[in-house]
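> Predicted model follows, preceded by the sequence.
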Amino acid sequence: MTTSPPPTPPADEPIRDLQAASDLLRALASPVRIGIVRELSQGGKYVHELVAALGVSQPLVSQHLRVLRTSRLVTARRQAREIQYVLTDDHVAHIVLDAIRHAQE
């Protein structure tokens with residue numbers, strides 16, 4: 001099986017764009033945050049749903065949601081007394097889902 005080399009960014013790629021990409025990958029650099037994005041790729045979720053799906057504590061989920069919100073990858077919507085979290089951009093879900101698939105190969 002032959003694979004083609006990955007596309008090479010143009011040499012004149014602005015460093016700020018490369019920094020933004022680096023910041024995005026850093027924000028995703030946690031198994032819990034990757035799990036949160038994977039779960040949110042299916043639609044908005046409440047914290048208790050993320051806790052159940054990921055099998056980690058509520059404070060840990062909240063801590064990682066804070067990182068994702070600070071990075072503007074996730075937004076929060078108040079629904080009565082609960083807050084529903086959603087991805088701000090479906091592109092992030094594609095990055096995470098592709099990375100998971102790649103790791104499984």
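Nice, I can see it.
> now the protein, which segments are flagged as low pLDDT?
Counting by pLDDT under 70, the chain shows low-confidence ranges at 1-13.
> wait, Leu24 sits on Ser71?
Yes: contact status for Leu24 versus Ser71: in contact at 7.2 Å, counting by CB atoms under 8 Å. For glycine as for every other residue, the C-beta is placed from the backbone atoms N, C-alpha and C.
> could you pull out the helices for this structure?
Counting by DSSP state H, the chain has helices at residues 15-28, 31-40, 47-54, 58-70, 90-104.
> For Ala76, find the nearest of those helices.
In this view, the helices of the chain are compared for proximity to Ala76 by CB to CB, and helix 58-70 is the closest at 6.6 Å.
> Check the chain and tell me which residue is nearest its centre.
The residue lying closest to the centre of the chain (CA atoms, centre = their mean) is Val37, at 4.0 Å.
> So that one versus Pro14, what's the distance?
Val37 sits 26 Å away from Pro14 when distances are taken as CB to CB, to the nearest Å.
> Any idea how many residues pack against Asp98?
Neighbourhood size, Asp98 [other CB atoms under 10 Å]: 10.
> how much space is there between it and Ser41?
11 Å.
> give me the number of residues near the residue lying closest to Ile95 once chain neighbours are set aside?
Closest residue to Ile95 apart from its sequence neighbours, by CB to CB, 6 or more residues apart in numbering: Leu28 at 7.2 Å. By the measure other CB under 10 Å, the count of residues near Leu28 is 19.
> One more: Ile100?
Neighbour count for Ile100, taken as other CB under 10 Å: 13.
> Let me see the contact set for the closest residue to it other than its chain neighbours.
Excluding the flanking residues, the one nearest Ile100 by CB to CB, 6+ apart is Arg38, at 6.7 Å. By CB atoms under 8 Å, 6 or more residues apart in numbering, the residues touching Arg38 are 93, 96-97, 100.
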